[in-house]
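Asker: got a structure for you, letters missing:
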């Protein structure tokens, strides 16, 4: 099992010299899931080699300019570069109106289908292998954190046990693997759990967009492999954080600790910080497995035999 | 006399690895005049040290996404960074609707005044020292080239001649300098042209946005100090240029030659070109004083005793 996270932009509100406005992409089995689309996202997207014609879902956390003003340009560029695959956009109420108005007022001659859906809290997207949920975080206006979660895979199939219980190799094995009981050659009923190991949990990534420390986020991030959390301020600015609906690095760490997430990535830094080491230190005092997200960082999450590995690389 | 040009982005349509979407800023006496605002303009604007709280006029050439999708983010960032100075936006019909709809759908809480005016061809802005005109260029939809022109300064005042003609130093001299006739101590009428040298022409810069070779642009660029001209393609792609409403580098050079501009800057390159030397060569065969514009290039134009000097520097 493997999922890649591309950090396209990691700064908050206004651009920093080395950090663009927020946007990340999760790639899984060739499909792309973008979370937020700050201005400049398309620049790094194109450099990352993600491919303009992949099936793609874009999730907007909230309608503040720094999280959404990269969207029109990206839609436009995709079209000019010959995209044909449809593109799906999700976000809080108003997202649809925004996309519609921009594409009407500046006619872009988009050559592919765009579907936009205004979300309520709950399931935003569900497929056979995956579910993405919108969770209401704590900000100055409606802001969704998103839970990206692979569905558990069925446990390993015990071939020897199946033969021993009188189920011969063939279509009956497939039935058991799909969770259905079958009849053995001895006339007994064999249930899936008789021949399957425990289900193997998928990879879970939680992205907060903008949020103050929020119990709903902690609850939603329960057991996440990676939590990407607002870390706008250092601990001395806890009051600014609260007033503006953001978190300190330490609060992000607390959220990771309490949700028992495996790894934390600090994200969405105030432009006042050029050196982020203090934020990292303050978070690590609370939650050791904390990392700094950075523009151009790619993190691959691999899960094997219940263990989680992170592989870091730079795509620029 | 001096005017600075900052090239913020010089590419066409879609981003190139080393070139952002089109935007330039002319700075004159501390005031800023931006032409087009492609996505990412705010990033380079902030790096250039132009200052977020300067009086600023933004001129949009046409409503194609690559020329205008940097505007919402820039307006938003200016506000977050505490801008108080009003900002003026000009563009073809539809510009006002676009700005209004974006700022309504994504409420940015803009803390300064924004005035938007949809233009017809003709004078877009006129002050005591300056006039900016919109010229209809040749593109696939309404596209304005802009002529930025300082008004001529009155000629040098000949103090000795004035005294000789019986006009003593004082308020009468000022009157003559402001173009009014006065009466001398001998009772004769002294006219401004008796004591003033020939008027000294100001600096003239023409920016085309997107255009095929266009006689109206050539006419408007007559005698310009600097012509910044669409040079999307090389000569082999003249047909593509014509079909898409763009120019080849050679056509840009022809426009410079025929308008008797002093210097030409190629601008708005197709993403297919990483190496621009061929475009430069093709233009220089026709018009020797051709330069490549580049992201991060700053060009200062100085005019003294009828001569024009260019000073090149990089602001990044």
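Answerer: Yep, it's here. Since the structure is predicted, the reported quantities are computational estimates derived from the model, not experimental observations.
Asker: Around chain B, pick out the residues from the stretch 1-150 of chain A.
Answerer: Contact residues, the stretch 1-150 of chain A versus chain B (C-beta under 8 Å from any C-beta of the partner chain): A:13-15, A:17, A:20-21, A:38-40, A:42-43, A:46-47, A:63-66, A:68-70, A:72-73, A:76-77, A:80-81, A:94, A:97-98, A:101-102, A:104-108. Quick note: C-beta positions are derived from backbone N, CA and C, even for glycine.
Asker: Please flag which of those sit within strands.
Answerer: Using DSSP state E, no member of the residues of the stretch 1-150 of chain A next to chain B falls within strands.
Asker: and the residue in chain A sticking out farthest from the centre, what does it touch?
Answerer: In chain A, residue A:186 marks the outermost C-alpha relative to the chain mean, sitting 47.8 Å out by C-alpha atoms, centre = their mean. Contacts for residue A:186 (C-beta atoms under 8 Å, 6 or more residues apart in numbering or on different chains) come out as residue A:166.
Asker: isn't residue A:238 right up against residue A:247?
Answerer: No - contact between residue A:238 and residue A:247 fails when scored by C-beta atoms under 8 Å: they sit 9.1 Å apart.
Asker: The two: which is more packed in?
Answerer: residue A:247 (30 against 16; other C-beta atoms under 10 Å in any protein chain shown).
Asker: Please determine how far the residue nearest to that one when sequence neighbours are not counted is located from chain B.
Answerer: Nearest residue to residue A:247 in three dimensions, chain neighbours excluded: residue A:230, at 4.5 Å (C-beta to C-beta, 6 or more residues apart in numbering or on different chains). The span separating residue A:230 from chain B equals 16 Å under the rule C-beta to the nearest C-beta, to the nearest Å.
Asker: follow-up on the earlier one: just the buried ones from the residues of the stretch 1-150 of chain A next to chain B, in PyMOL syntax?
Answerer: To isolate the buried ones among these in PyMOL, judged by 16 or more other C-beta atoms under 10 Å in any protein chain shown, type:
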select buried, chain A and resi 13+14+15+20+21+38+39+40+42+43+46+63+64+65+66+68+69+70+72+73+76+77+80+81+94+97+98+101+102+105+106+108
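Asker: Helices - which of the residues of the stretch 1-150 of chain A next to chain B land there?
Answerer: Per DSSP state H, helices hold the following members of the residues of the stretch 1-150 of chain A next to chain B: A:42-43, A:46-47, A:65-66, A:68, A:72-73, A:76-77, A:80, A:97-98, A:101-102, A:104-105.
Asker: The helix or strand harbouring residue A:313: which residues count as buried?
Answerer: Here residue A:313, judged by DSSP states H and E, is contained in strand A:307-314. Across strand A:307-314, burial judged by 16+ other C-beta under 10 Å covers residue A:310.
Asker: Can you list the strands that that strand pairs with?
Answerer: strand A:297-304 (antiparallel) (DSSP bridges).
Asker: Quick one, grab the pLDDT at residue A:177.
Answerer: You'll see residue A:177 listed with a pLDDT of 87.
Asker: Backbone torsions only: list them for it.
Answerer: When quoted as degrees, to the nearest 10, the phi and psi of residue A:177 stand at phi -60, psi -30.
Asker: residues contacting it?
Answerer: A:154, A:157, A:192, A:196.
Asker: what do you get for residue A:32?
Answerer: Taking C-beta under 8 Å, 6+ apart, one finds A:25, A:26, A:50, A:51, A:54, A:55, A:56, A:57 in contact with residue A:32.
Asker: Would you check that my belief about the last one contacting residue A:35 is correct?
Answerer: No - Residue A:57 is beyond contact range of residue A:35, at 9.5 Å (criterion: C-beta under 8 Å).
Asker: out of those two, which sits in the busier spot?
Answerer: Taking neighbours as other C-beta under 10 Å, residue A:57 and residue A:35 compare with residue A:35 leading, 27 against 18.
Asker: if I look at the nearest residue to the more buried one once chain neighbours are set aside, how far off is residue A:64?
Answerer: The shortest distance from residue A:35 to any non-neighbouring residue, by C-beta to C-beta, 6+ apart, is to residue A:207 (4.6 Å). According to C-beta to C-beta, to the nearest Å, residue A:207 and residue A:64 sit 15 Å apart.
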